[in-house]
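Engineer: below is the sequence, then the predicted model.
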Amino acid sequence: MMKNASIFIGIFAITSLVFCKKSSDENKPNWAKKDIRDYNDADLERLLDQWEEDEEPLPDDELPEHLRKSDPIDFSKLDTSDPEQLLKMTKKGKTLMMFVSVAGEPDRDETERLTTLWHGSLFNNHIQCDRFMVDDNRAIFMFKDGSQAWEAKDFLIEQEGCKDVTIDNKVYEGKKAAKPRQKVKATVEKVEL
C-alpha cells in the first residue's frame, strides 16, 4: 500500500512538471523578472489582471453600480410634460442622495428626532432609505433605488418642520414650514444743508 502511494506521488510530480506552464526568462516582460518585493503598484495591477484573465465575468447584480447595465427607458410610456417623471425613470435602480433641512433653529437632538420620525414613516410606507446627519439642522436620506426619492420628497415637504428638500440640486420648499420674516430695509434720507 505504501509502495503504491509513493509511485502515485512520483507520477503526479512528474506530470505536474510536464504540464506546468513556465516561461523562460527571455520570454518574460521586464516587470515579471523583478523580485516580488520590488513590485510597484502598476506591476501588481498587471499581475492581478493576469490572475483574473481566465475568470468568468460577475453576474450583473454582483457588479458595482457604475458597471451595471441600466434598464432601458420606454419613452412611449413617458409623459413629456412631467420632467420629474423622466428623472424618476432615469434614477431607477441607482443610488441617490436627498438633503433634508429642518425649519427654524433646531438643535441637533431636535433634528435627529424629527428626521428619525420621518425616516420611520418612509420605511413604513415601503420606501427604503438610510439617514445620516450632516449638520445641526440637516440630514441626508440615501436611497438605493433613486426613483423612490420623489415619493419621499412629496411626503417630506408636507411635514410640519420640513424647511426644504434638495434632490439633484433642485430645492423643493416645505409647504408647512414657517416662512422667514422679511427684513425691512431702513431707508435713510439724505438731508441737504
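Structural biologist: Done, it's in.
Engineer: quick one, domains of the protein?
Structural biologist: Following automatic domain parsing, one gets these domains for the chain: 25-54, 86-173.
Engineer: and those, which one is worst for confidence?
Structural biologist: Of all the domains of the chain, domain 25-54 carries the lowest average pLDDT, namely a mean of 79.
Engineer: so which bits of stretch 107-115 are buried?
Structural biologist: With burial defined by 16 or more other C-beta atoms under 10 Å, the residues of stretch 107-115 counted as buried are 111-112, 114-115. Where C-beta positions appear, they are placed from N, C-alpha and C, glycine not excepted.
Engineer: that older thread, deepest in the core, which of the domains of the chain is it.
Structural biologist: Of all the domains of the chain, domain 86-173 has the most neighbours on average by mean count of other C-beta atoms under 10 Å, namely a mean of 16.
Engineer: and residue 147, what does it touch?
Structural biologist: With contact taken as C-beta atoms under 8 Å, 6 or more residues apart in numbering, residue 147 is in contact with 88-89, 91-93.
Engineer: out of the residues you listed, which comes closest to residue 60?
Structural biologist: Of all those, residue 93 has the smallest distance to residue 60: 10.8 Å, by C-beta to C-beta.
Engineer: pretty sure that closest one is touching residue 69, no?
Structural biologist: No. Residue 93 is beyond contact range of residue 69, at 10.1 Å (criterion: C-beta atoms under 8 Å).
Engineer: okay, and the common contacts of those two?
Structural biologist: Counting by C-beta under 8 Å, 6+ apart, nothing touches both residue 93 and residue 69.
Engineer: if we can go back for a sec, which ones among the buried residues of stretch 107-115 are found in helices?
Structural biologist: Using DSSP state H, 111-112, 114-115 are the members of the buried residues of stretch 107-115 that sit in helices.
Engineer: make TSV from those and add distance to residue 139 to it.
Structural biologist: Formatted as TSV, those follow (distance: C-beta to C-beta, whole Å):
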residue	distance to residue 139
111	7
112	8
114	9
115	4
